[in-house]
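[1] What follows is a predicted structure for the sequence shown.
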Amino acid sequence: MTATPQMMRIMALSINTAARAGTIIRDVMQRGNLGIVEKEGKDDLQTEADRSAQQCIIASLSRKFPNVRVIGEEGDSNLDVKAEWLVTEENNDFLTNCCPQEWLEVKEEEFVVWVDPLDGTSEYTQGLLEHVTVLIGVAVKGRAVGGVIYQPYYKQSNGDLGRTIWGLIGLGTGGFEPKTPPKGQMIVTTTRSHSTPLVQQALDALSPTEVIKVGGAGYKVIQLLEGKAHAYIFASPGCKRWDTCAPEAVLEAYGGTLTDLAGVHYSYSSDVEYKNRMGVLATIPGLSHADLAAKVPYKIIETLKS
């Protein structure tokens, strides 16, 4: 019997771990004491849910794959976690898929996993729970290639809470109903809470027919996957690699594109700077990403570079 490729196992464990982290996020909210601390001011919050969900994810991945570099938003985590937070089972449904040829031989030490345990923290603290996602992004040789986006508060038709969206380049995507946005329009999603004159200028450059303002990079990319928007733009260095690794991988596995505002892909190697200094531009399949990037005024690019 041949061994299951590491890529498939890491993705399969990430799928189950993201769902477990989502349960922790719901539990903290239900208890009512969010344990909020300010990291870098009132716009950069951390809660008990961020800390606990990250411990669950990093401990679970690190125990199973000790040679994989895992980088989490909340810094180094204590790996000595409660037994019920440790996820050891890999997702069997995902493992029924065939591993794409290009990932068959990737060794454990070649992976870098970027974790945002709770994307949309300010929305979480304000009760805008549908914006909240758990993000686990898998990178190989600096490229975002696999991603898991878990929505803890997504309401299933049977009343259950939570859904898992995944993507792996070469394999495709799962967990959502793909839809395309209306033709003849340009619906753009952008930040809900971090707008600046520069963010607004970049938005205006795309001449949107409608603007959707939501929280979290994960939730913005879901707008593209579900046909609610054509593009996502954010002209600010406010995003980090753990915000975009998983969404980029899922969107690109779906056929879309996510880059900086100049149309250049970010590197997700373990030694890169964490800030996405050149902002974010994402587009649905079938839309010319290069054409949209060309619409971004040069002075915006220059401002972000400085």
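    Happy to help now that I have it. Residues are numbered from 1 along each chain as shown.

[2] I'd say V134 and D119 touch.
    Yes: if you go by Cβ atoms under 8 Å, V134 and D119 touch, sitting 7.2 Å apart. Every residue, glycine included, has its C-beta placed from N, CA and C.

[3] what sits in contact with each of these two?
    Common neighbours of V134 and D119, counting by Cβ atoms under 8 Å, 6 or more residues apart in numbering, are G218.

[4] Can you show me the strands along this protein?
    For the chain, the strands defined by DSSP state E cover 37-38, 45-46, 69-72, 111-119, 133-140, 143-155, 161-168, 172-174, 187-191, 210-214, 231-234, 257-259, 280-283.

[5] which one of those strands is the most hemmed in?
    Burial of these is given as mean neighbour count (mean count of other Cβ atoms under 10 Å); strand 133-140 ranks first at a mean of 29.

[6] by contact count, what packs against it?
    On a contact count with 3 or more Cβ pairs under 8 Å, 6 or more residues apart in numbering; DSSP states H and E, strand 133-140 meets helix 6-31, helix 48-64, strand 111-119, strand 143-155, helix 217-225, helix 241-254.

[7] hmm, try it at 10 Å
    helix 6-31, helix 48-64, strand 69-72, strand 111-119, strand 143-155, strand 161-168, helix 217-225, helix 241-254 (3 or more Cβ pairs under 10 Å, 6 or more residues apart in numbering; DSSP states H and E).

[8] out of the ones you listed, which comes closest to N92?
    Smallest distance to N92 across those (Cβ to Cβ): 7.6 Å, for helix 6-31.

[9] avg pLDDT for that closest one?
    Across helix 6-31, pLDDT averages out at 94.

[10] Same check on stretch 257-268?
    98.

[11] before we move on, what about stretch 108-123?
    If you average the pLDDT over stretch 108-123, you get 94.

[12] now stretch 66-77
    Regarding stretch 66-77, the rounded mean pLDDT is 83.

[13] Check stretch 173-190 too.
    Here stretch 173-190 scores 96 as its mean pLDDT.

[14] do stretch 136-150 as well
    98.

[15] Pull up the distance across it, start to finish.
    9 Å (Cα to Cα, to the nearest Å).

[16] Check stretch 134-151 too.
    First-to-last distance for stretch 134-151 - Cα to Cα - comes to 7 Å.

[17] Tell me how this protein divides into domains.
    6-174, 187-305 (automatic domain parsing).

[18] Which one of the helices and strands packed on strand 133-140 lies nearest to K275?
    helix 241-254 (8.0 Å).

[19] Please work out the angle formed by the directions of the closest one and strand 143-155.
    90 degrees (axes from the mean of the first three to the mean of the last three Cα atoms, to 10 degrees).

[20] Output the strands of the chain as TSV; include the columns distance to E105.
    Output for the strands of the chain, formatted as TSV (distance: least, Cβ to Cβ, whole Å):
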stretch	distance to E105
strand 37-38	43
strand 45-46	38
strand 69-72	18
strand 111-119	12
strand 133-140	11
strand 143-155	14
strand 161-168	15
strand 172-174	20
strand 187-191	37
strand 210-214	39
strand 231-234	33
strand 257-259	26
strand 280-283	30
